[in-house]
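Chemist: give me a 3D structure for the following:
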Amino acid sequence: MAKRIVPNPGPGGLPTREQILAFIAASAETVGKREIAAAFNIKGADRIGLKRILKEIEQDGAIARGRGGLAPSGRLPPVVLADITSRDRDGEFLASPAEWDVGNGPAPKVTVAAPRGGRRPGQPAPGIGDRVLLRVEASPAEPGRYTGRVIKTLGKNKAEIIGVYRAGPEGGRIIPVEKRAQGREIAIPAGEEGEARDGDLVSVSLQRESRFGLAQGRVRERLGSLGSEKAVSLIALHLHHIPHVFAAATLAEADAVVPAGLSGREDWRNEPLLTIDPPDAKDHDDAVMARPDPDPANAGGFVVTVAIADVAAYVRPGSALDREALTRGNSVYFPDLVVPMLPERISNDLCSLREAEDRPALAVRMVIGADGEKRRHSFHRVMMRSRAKLAYAQAQAAIDGFSDAVTGPLLEPVLRPLWDAYAALRRARDARGPLALDLPERKVLLTPDGAVDRVVVPARLDAHRLIEEFMILANVAAAETLEQARQPLIYRVHDEPALEKMRALGEVLASIGIKLPKEGALRPALFNRILASVAETEHATFINEVVLRSQAQAVYAAQNLGHFGLNLRRYAHFTSPIRRYADLIVHRALIAACRLGSDGLSSDVTVAALDQIGEQISAAERRAMAAERETIDRLIAHHLADRVGAHFTGQISGVTRSGLFIKLDETGADGFVPISTIGADYYRHDEARHALVGERSGETHRLGDRVEVRLVEAAAVAGALRFELLSEGQARPERTGPAGRTRGAPRKPGAPGRPAGIRNTGSRHRGSRR
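Modeler: From the prediction side, this is the model:
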């Protein structure tokens, strides 16, 4: 309640205009006509006069009326409905009022402070994109800025839309960037465009929707220009609220870091450790070496060493670096941009295991037998010096007999023992029987100006598999050590497939004549037998993708559920602390468990706290995967935009009541064929057979069928492709009369059917990252 004041009344016993404005400005609570009447002791018929004065003041623009009551024009009321839109450079949330009169200038920013006394039990923590009820106070030091405390989190602001602004003679229009919003442009009336210019990426609030005509909105924030470099990645960053600008405190802390010294570390600088990475890698967080085990009791065995950048030496718990790394959760990799988890001073310099430079590392030395099974292991905190920086293809070429000036001297003493140890690990892997999916990963190569040059499938080399097996072995060793020490940790868990997904997989397999066993324990070997049965058929790629979709999502958790895909009882991520926060937690836990320093995981950290961190970084990982996938979709759609009308081959990757999803062979891009454009028949969705079936002809288009399509439309901003189906479906076997049309036979372009705009073109299905 506003403080009751009784100043001298104006003429007629009513307060003056100036007195009312002063009262509203000084009030710390929501103010309306009732509060003003009570403060000035206005009763009876005088209330009508007060109403008239307030209306005049409002018409003059001196005060504004909002959901929270009255406030001086251009100023927020004490309680305001707001949307959290971003973070400032110090990592604090920034919010904007949900309603604001643009005649009062740009909407003020509210810095959202933590609630006094901490978050209430059951009250969700606010985040970017949330709509919240705030109690705000004006900043005395900075006019137009406010500090707000959350009264209540109301959930996501579904009225906020990210789109491209197109200027018009009066106002403009917004083209949404999300596939599901394609074809639903938003009108921006004149004066509501804010600072947006033609071609800008903007955030928009819907003001009014109508069954007829365009919805209307206002520009809340200009996010950047789509004419700039990194424009495609910019869309994904803002659409998924991925933090990409480091706070000033984080950068200052990184700049002040002093390189770690040898004190308290073993000196491994003469060990022949080297890095093997992609040719364009900038951060090198793992180095490897191997040698035959000299122990006669382990004939044919090896001592394998994996050294990982000691990020924990620089990123201390609770520091600005640590807080921002947790918020980001992981690095995000786009074809044209990398959003690192840690500033470059840490990720690309102090923690990157550069060739011929001293770097601190946390290393694990593992003894394996000739069968590849690990006999024992130990962790060490060391100072190392990488012998060489090799690319995968470069290391592989040396093993295949094509050494260069760098790899020649390393071949026999360093590389050959690595490959011999890998041969042993491969035997252990084959005996273990992890899930053996064979899905080529496409890589988008860009021109210097950021356009798509081509899409390639990089060769899968033994050099890739070697590093993968070494990292898996090190991750297992980390989980085992922490379990034995009863040290809480964050596991990488991958549960077995859910029952409903297994039923769906069984239906798909049945459609191509493969029977899925209904009884027995689920094991990766079951899926491997299915994959082997289709390995040399036209269904191989399709079935690999279907099996992948049937799998659970791998997540981070403080409770161990094992790793189904790798067929391991315990597993933790240890090998990439530069780009994954989970690995940093595991490093700290190992430092504490093995007594390797005072900067380990605190004994005060509970399993419940680690579980909460696991949920947060699992969500960040899913966010990154979606952003990476959508960015590739947009790049490829832009690449194909000048090929409208071209024919492509592909495979039906999804069937819905709305139409068919097609995955192209050439680029791996996904597109959509609306059901209304398929032939002259009426098609129904046969859910059990995963097919569209013609009512009259019986013609069938089934999941996994090979098809030819024509590109009709490419919406680059949304990453959406629309196709016309040129192939005819399978004919119904019992059909009489003229010969049935066969799968793959082309139909004439422009087959009869109603035109349709781009609908939801689906998502590129990806499984768990190990």
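
Chemist: after whichever helix in the chain runs longest, next one along is what?
Modeler: Ranked by residue count under DSSP state H, the longest helix found in the chain is helix 607-640. Heading C-terminal from helix 607-640, the first helix or strand you meet, by DSSP states H and E, is strand 647-656.

Chemist: can you give me the angle that next one makes with helix 607-640?
Modeler: Orientation check (axes from the mean of the first three to the mean of the last three CA atoms, to 10 degrees): strand 647-656 against helix 607-640 gives 140 degrees.

Chemist: packing partners of the next helix or strand along the chain from strand 647-656?
Modeler: Sequence order places strand 659-664 as the next helix or strand after strand 647-656, per DSSP H and E. If contacts are counted by 3 or more CB pairs under 8 Å, 6 or more residues apart in numbering; DSSP states H and E, strand 659-664 sits against strand 647-656, strand 670-674, strand 706-715. Quick note: C-beta positions are derived from backbone N, CA and C, even for glycine.

Chemist: starting from the strand or helix carrying residue 84, tell me which strands it pairs with and how they run.
Modeler: Element membership of residue 84 [criterion: DSSP H and E] is strand 79-87. Partners of strand 79-87 in the sheet, by DSSP bridges, are strand 93-97 (antiparallel), strand 130-138 (antiparallel).

Chemist: which stretches of the stretch 251-400 of the chain aren't confidently modelled?
Modeler: In the predicted model of the stretch 251-400 of the chain, no residue satisfies pLDDT under 70.

Chemist: strands of that one, residue ranges please.
Modeler: Remark: strands assigned in the stretch 251-400 of the chain by DSSP state E, counting those that start in this stretch are 266-268, 275-277, 286-292, 302-309, 332-334, 337-339, 358-368, 374-385, 389-391.

Chemist: now the ones you listed as a markdown table including mean neighbour count and distance to residue 585?
Modeler: A markdown table is the format used below for the strands of the stretch 251-400 of the chain (neighbours: other CB atoms under 10 Å; distance: least, CB to CB, whole Å):
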| stretch | mean neighbour count | distance to residue 585 |
| --- | --- | --- |
| strand 266-268 | 15 | 23 |
| strand 275-277 | 22 | 23 |
| strand 286-292 | 22 | 17 |
| strand 302-309 | 26 | 13 |
| strand 332-334 | 21 | 19 |
| strand 337-339 | 17 | 20 |
| strand 358-368 | 22 | 13 |
| strand 374-385 | 18 | 15 |
| strand 389-391 | 21 | 28 |
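
Chemist: residue 435: which of the ones you listed is closest?
Modeler: strand 374-385 (20.5 Å; CB to CB).

Chemist: quick one: list the elements packing against the closest one.
Modeler: Packing partners of strand 374-385 (3+ CB pairs under 8 Å, 6+ apart): strand 266-268, strand 358-368, helix 462-484.

Chemist: check which helices and strands the helix or strand hosting residue 426 is in contact with.
Modeler: Assessed by DSSP H and E, residue 426 sits inside helix 416-432. Here helix 416-432 touches strand 286-292, strand 302-309, strand 358-368, helix 462-484, going by 3+ CB pairs under 8 Å, 6+ apart.

Chemist: count the neighbours of residue 55 for me.
Modeler: The local packing of residue 55 (other CB atoms under 10 Å) involves 11 other residues.

Chemist: if you could redo that for residue 238, that was the one I meant.
Modeler: Other residues close to residue 238 by other CB under 10 Å number 22.

Chemist: now the nearest residue to it once chain neighbours are set aside: how far from residue 646?
Modeler: Nearest non-adjacent residue to residue 238, counting by CB to CB, 6 or more residues apart in numbering: residue 223, 4.9 Å away. According to CB to CB, to the nearest Å, residue 223 and residue 646 sit 33 Å apart.

Chemist: tell me which helix or strand residue 504 sits in.
Modeler: With DSSP H and E as criterion, residue 504 is part of helix 499-510.

Chemist: let me see the contact set for residue 579.
Modeler: 283, 285, 330-331, 340-341, 347 (CB atoms under 8 Å, 6 or more residues apart in numbering).

Chemist: residue contacts, residue 375?
Modeler: Counting by CB under 8 Å, 6+ apart, residue 375 touches 298, 301, 367-369.

Chemist: thought residue 271 was touching residue 289?
Modeler: Yes: between residue 271 and residue 289 there is a contact under CB atoms under 8 Å: 6.2 Å.

Chemist: which residues are in contact with each of the two?
Modeler: residue 305.

Chemist: that older thread, can you put the helices and strands packed on strand 374-385 in a markdown table and add distance to residue 709?
Modeler: Shown next, in a markdown table, are the helices and strands packed on strand 374-385 (distance: least, CB to CB, whole Å):
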| stretch | distance to residue 709 |
| --- | --- |
| strand 266-268 | 56 |
| strand 358-368 | 50 |
| helix 462-484 | 33 |
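
Chemist: tell me how far stretch 275-292 is from the chain's mean position?
Modeler: Here stretch 275-292 is found 26 Å from its chain centre; the criterion is CA atoms, centre = their mean, to the nearest Å.

Chemist: so residue 542 is in which element?
Modeler: helix 540-550.

Chemist: touching, residue 284 and residue 353? I think so.
Modeler: Yes: using CB under 8 Å, residue 284 is in contact with residue 353, at 4.5 Å.

Chemist: the helices and strands packed on strand 374-385: which one's closest to residue 55?
Modeler: Smallest distance to residue 55 across these (CB to CB): 69.3 Å, for helix 462-484.

Chemist: confirm residue 194 sits in a strand?
Modeler: No: according to DSSP: H, G, I helix; E, B strand; the rest coil, residue 194 belongs to no strand; its state is coil.

Chemist: pretty sure it is touching residue 223, no?
Modeler: No: Residue 194 is not in contact with residue 223 according to CB under 8 Å; the separation is 11.3 Å.

Chemist: overlap in contacts, those two.
Modeler: residue 202.

Chemist: neighbour count: those two, which is higher?
Modeler: Shown here are residue 194 and residue 223; by other CB under 10 Å, residue 223 has more neighbours (22 against 19).

Chemist: quick one: buried residues of the helix or strand encompassing that one?
Modeler: Assigned by DSSP H and E, residue 223 belongs to strand 215-225. Within strand 215-225, the residues scored as buried using 16 or more other CB atoms under 10 Å are 215-223.

Chemist: also stretch 678-686?
Modeler: Buried-residue list, stretch 678-686, by 16+ other CB under 10 Å: 678-679, 681, 683.

Chemist: so where is the stretch 451-600 of the chain shaky, pLDDT-wise?
Modeler: The low-confidence ranges in the stretch 451-600 of the chain, as defined by pLDDT under 70, are 519-520.

Chemist: how about 80 then?
Modeler: 518-521 (pLDDT under 80).

Chemist: what ranges does the stretch 651-770 of the chain have for its strands?
Modeler: Going by DSSP E, counting those that start in this stretch, the stretch 651-770 of the chain shows strands at 659-664, 670-674, 683-686, 691-694, 700-702, 706-715, 720-725.
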